[in-house]
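[1] sharing a sequence plus its predicted fold:
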Number of protein chains: 2
Amino acid sequence: MRLFLTSLAVLITLIMPAEVRSAENSERSAVSSYFLENGLQLVVIPDRRAPVVTHMIWYKAGSVEDPPGKSGIAHFLEHLMFKGTVKHEEGAFSNSVAEIGGEENAFTTADYTGYYQKIAPSALGKMMAFEADRMRNLVLSDAVVLPELEVILEERSQRVSSNPNAILSETAQAALFVHHPYGTPVIGWEHEIRSLTREDAISFYDKWYRPSNAVVIVAGDVEPDEVLELARATYGLIKAESEPLSRRTVIEPEPTVARSVSYSDPRVTTPSWRRSYLVPSYQKASPGEAEALDLLGGVLGGASTSRFHRKLVLESQISSSAGAYYQGAARDMTYFVVYGSPRGENDLGAVEQAIDAQIKTLLEEGVTEEELVRARQNILKSIIYAQDSQVTLARIYGSVLAMGGTISDVRDWTEKLNAVTVEDVDRVARKYLVMPRSVTSYLRPKG
Amino acid sequence: MRLFLTSLAVLITLIMPAEVRSAENSERSAVSSYFLENGLQLVVIPDRRAPVVTHMIWYKAGSVEDPPGKSGIAHFLEHLMFKGTVKHEEGAFSNSVAEIGGEENAFTTADYTGYYQKIAPSALGKMMAFEADRMRNLVLSDAVVLPELEVILEERSQRVSSNPNAILSETAQAALFVHHPYGTPVIGWEHEIRSLTREDAISFYDKWYRPSNAVVIVAGDVEPDEVLELARATYGLIKAESEPLSRRTVIEPEPTVARSVSYSDPRVTTPSWRRSYLVPSYQKASPGEAEALDLLGGVLGGASTSRFHRKLVLESQISSSAGAYYQGAARDMTYFVVYGSPRGENDLGAVEQAIDAQIKTLLEEGVTEEELVRARQNILKSIIYAQDSQVTLARIYGSVLAMGGTISDVRDWTEKLNAVTVEDVDRVARKYLVMPRSVTSYLRPKG
């Protein structure tokens, strides 16, 4: 039941399975996609390195779909999905996973909610039956719902209230997205979590947890035909909903004014500085822009050979750390981040000045071919490393599909990265790294 | 068709008719309130200084009720209310007002939408008939709706895009209200205005323009009984709606992080500095807090004898102007503002430092009895001056009632101001004038 927005999203923009690139060459390793009659999408990714399979279901509804005043309901429902159903008592599903030595987890982001089990291939049918069951048969009584609210409040307290960086980030995110629901925390505002009810959970569940709004990913040592049969016998039995889904489409206005947020807290040990620029995501960008932003992140701050690390950490030694990255994974707009922490006697102003100077130079002089090649190699390397994890492999497909993308988006990504030129990178830098698009965060120790 | 949020709201917190204070002493000048069977509230305020009457209708729905993604619809509908109805062609109502030498206007704020005519008493029945007619019989065809969108876009362009201060304020407001719809501009975000449709207007109109959601104020040389008869014969004929209204209740989270917004523009001639603190409105405050905040505004910056003016403008001459005020009129949370512009060689940093120093002194040493008395006298004076305008008199009652207040809120206001002590003012200052509650705005010339 981990809630993560940043970590996975960054990961997704950095990795893609090499397996896929060979899809055209080998029938056995091709990714297969099917749609059941009730609208559920099934994607099978062969991965025969070990006798394990990862079974994931992704609902295309995250905190963005929280009704106004009901923030946190998507994440709350994720917790409630581990309660009992008409058929199975609370704990039956999780116990079944544990008995066979499997792993399970779940996550809610702004754009989607996902659940998965990593198990032996022989247990796949059973997992699908459990997962299909809780898509529609969850029992949400007050006795089940109300105590879980306390768990969520405790989770918020641990994740946000006890964490100065999270306190600051929450306001920074709200200042970056002045209108889009990405400005609302996935876990919800505390006072709204307190007011969530059983009825709110049921209403979210009834609306979004339906076959036509779900993607099932199965990665592992399996035969696509057999997986399809299992899916038909489990998910396939769920009736399609008659009325169509209406998704909120809130568009963030073009930003015009630079913003900043400042927070000091006695619990802060290392001051830190960070600036986020509003930029389009992979799903929203014009062709080539997202890939160019990814590479720009690499040039400025992706590795120890990047500009920020070389100039701020190694040469001037103003910073103990400094970097940049593009948060490419989102259904709507997203952000490009530059950050740094001061070293020794330097303060946040010195870090800001040094990073501003680096950005100014970049906008004036552009990037070099050598830098671009190096940034690209680093991303391609991450892609290869990412294959090591079957769960990661499944997550990449699941998240892209859950955000409205396609299998080709994953398949063609390397090719699109290879097509980016120095001019492309310079163009997105000049277009997006401008102050009116930005929120700058200052985190300082207090006292 | 003016759209104003700040001017009226500030006015309301500064004025109250002396007429009302004598209500208990004179039957003739008492404010009367009635509810028609369909739920419409009628308030009659005798004002016999001249043979004129002000007729206003207030709908308890402003931009806060714009559905997500449909910002600007409340204000758009205000424009559309001047189109034709089933009974009357476009222009018939306005022409009728003009023919008798009357005045009319309308306004949309975050909390309400209002319409009024100032006319001869003999025309009151006719105005009521027109106004009752357009509460339910508006004809909204595409031919009527679509051209008006261009008018609204032009209005937005003139009010915001051509006005650096408004550009900055829009983002400052969004940064102050990170969650509540007060963070969305009343006129709407440009891209959302563009997408508004006839169906959006009809749906807002059908939901909110109903007798039980309206307050009619009649101020002037009239007899309450006669006004009630006229209201029954016009508004009284409208059928009550069967299903109850559901109002969004979004609560702004307690702020934790100081924010700032900066904007430079070649059109700026005078740099300016401003800080808003999130505070409760008259409607939301604990007893006495709103009145204390109003008086705090007076002590810090309400007049030429206030601290900011004396210290920054007269003594140190750092500022060409400096002030403070409490924006008390709102249904939900609101803000307390301090502001200043630099003089001569001084920059915004100097103004900020000087105002911060004044606030620090105030929080440490408190206000004096003499300052409190002077601030109170200034407010009471404004109250007396405000009586000069019949329209203002009507507006005070209308806006308070439209925001969920009562006639007693208006009636008892002077008394509550008189009850505020030095300790009350010190307490609200220490509670609310703290950085985590604030958004600081920097407006600078460019180039």
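    That came through, no problem.
[2] what's the nearest residue to the residue of the stretch 1-150 of chain A found nearest chain B if we skip its chain neighbours?
    Proximity of the stretch 1-150 of chain A to chain B (Cβ to the nearest Cβ) peaks at A:G69, 4.7 Å away. Using the backbone N, CA and C atoms, a C-beta is placed for each residue, glycine as well. Once flanking residues are discounted, A:G69 sits nearest to B:V250: 4.7 Å by Cβ to Cβ, 6 or more residues apart in numbering or on different chains.
[3] go ahead and confirm the one you found touches B:H179.
    Yes - B:V250 lies in contact with B:H179 (Cβ atoms under 8 Å); the separation is 6.4 Å.
[4] settle it for me: which of the two has more neighbours?
    Between B:V250 and B:H179, counted using other Cβ atoms under 10 Å in any protein chain shown, the more crowded position is B:H179 (20 against 17).
[5] related to what we said a few turns ago, tell me the contacts of the residue of the stretch 1-150 of chain A closest to chain B?
    A:E192, A:S195, B:R248, B:T249, B:V250, B:I251 (Cβ atoms under 8 Å, 6 or more residues apart in numbering or on different chains).
[6] can you put the residues you listed in CSV and add distance to B:W208?
    Formatted as CSV, the contacts of A:G69 follow (distance: Cβ to Cβ, whole Å):
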residue, distance to B:W208
A:E192, 24
A:S195, 24
B:R248, 12
B:T249, 16
B:V250, 17
B:I251, 21
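[7] need the max-distance pair from these.
    A:S195 and B:R248 (13.2 Å; Cβ to Cβ).
[8] spell out which residues of the stretch 201-350 of chain A are next to chain B.
    Counting by Cβ under 8 Å from any Cβ of the partner chain, the stretch 201-350 of chain A comes close to chain B at A:248-251, A:253-263.
[9] can you tell me which of those are in strands?
    A:A258, A:R259, A:S260, A:V261, A:S262, A:Y263 (DSSP state E).
[10] can I get those in JSON lines with neighbour count and pLDDT?
    Formatted as JSON lines, these follow (neighbours: other Cβ atoms under 10 Å in any protein chain shown; pLDDT from 0 to 100):
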{"residue": "A:A258", "neighbour count": "21", "pLDDT": "97"}
{"residue": "A:R259", "neighbour count": "29", "pLDDT": "98"}
{"residue": "A:S260", "neighbour count": "20", "pLDDT": "97"}
{"residue": "A:V261", "neighbour count": "27", "pLDDT": "97"}
{"residue": "A:S262", "neighbour count": "19", "pLDDT": "97"}
{"residue": "A:Y263", "neighbour count": "24", "pLDDT": "97"}
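[11] closest to B:R267 out of the residues you listed?
    The closest of these, once distances to B:R267 are taken by Cβ to Cβ, is A:A258, at 17.0 Å.
[12] separation between the closest one and A:K311?
    A:A258 sits 23 Å away from A:K311, going by Cβ to Cβ, to the nearest Å.
[13] what of A:R275?
    From A:R275 over to A:K311 (counting by Cβ to Cβ), the distance is 16 Å.
[14] who has more neighbours out of those two?
    A:R275 (25 against 19).
[15] ok, back up a step: ok so the residue of the stretch 1-150 of chain A closest to chain B is a helix residue?
    No - using DSSP: H, G, I helix; E, B strand; the rest coil, the assignment for A:G69 is coil, not a helix.
[16] OK, contacts around the spatially closest residue to A:G102 that is not a sequence neighbour?
    The shortest distance from A:G102 to any non-neighbouring residue, by Cβ to Cβ, 6+ apart, is to A:I119 (3.8 Å). Residues counted as contacts of A:I119 (Cβ under 8 Å, 6+ apart) are A:V52, A:V53, A:H55, A:V97, A:I100, A:G102, A:E103, A:M127.
[17] and if we set it to 10 Å?
    A:52-55, A:96-97, A:100-104, A:126-127, A:220 (Cβ atoms under 10 Å, 6 or more residues apart in numbering or on different chains).
[18] make CSV out of those residues and add pLDDT and secondary structure.
    What follows is those, written out as CSV (pLDDT from 0 to 100; DSSP: H, G, I helix; E, B strand; the rest coil):
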residue, pLDDT, secondary structure
A:V52, 95, coil
A:V53, 97, strand
A:T54, 97, strand
A:H55, 98, strand
A:S96, 95, helix
A:V97, 96, helix
A:I100, 94, coil
A:G101, 93, coil
A:G102, 95, coil
A:E103, 95, strand
A:E104, 96, strand
A:K126, 97, helix
A:M127, 98, helix
A:G220, 96, strand
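[19] flag the helix or strand of chain A with the lowest per-element mean pLDDT.
    helix A:18-21 (a mean of 36; mean pLDDT, DSSP states H and E).
[20] can you give me the buried ones in the helix or strand following it?
    Where DSSP states H and E defines the elements, the next helix or strand beyond helix A:18-21 is strand A:32-35. Buried residues in strand A:32-35, counted by 16 or more other Cβ atoms under 10 Å in any protein chain shown: A:S32, A:S33.
[21] picking up where we left off before, redo the contacts of A:G69 as CSV? Include pLDDT.
    Below are the contacts of A:G69 laid out as CSV (pLDDT from 0 to 100):
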residue, pLDDT
A:E192, 96
A:S195, 95
B:R248, 79
B:T249, 84
B:V250, 90
B:I251, 93
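[22] closest to A:V338 among the residues you listed?
    A:E192 (31.8 Å).
[23] before we move on, the earlier item: the residue nearest to A:G102 bridge partners, please.
    When assigned by DSSP bridges, A:I119 has beta-bridge partners A:V53.
[24] can you tell me the SS state at the residue of chain A most remote from its centre?
    Distance from the C-alpha centroid of chain A peaks at A:E345, with 36.2 Å (Cα atoms, centre = their mean). At A:E345 the chain is in coil, as set by three-state DSSP.
[25] pLDDT value on it, please?
    Looking at A:E345, its pLDDT is 93.
[26] show me where chain A has its strands.
    Using DSSP E, strands in chain A cover A:32-35, A:41-46, A:53-59, A:103-108, A:113-119, A:214-220, A:258-265, A:272-280, A:319-326, A:333-342, A:438-445.
[27] which one of those strands lies nearest to A:S286?
    Here strand A:272-280 is closest among the strands of chain A (Cβ to Cβ), at 7.4 Å.
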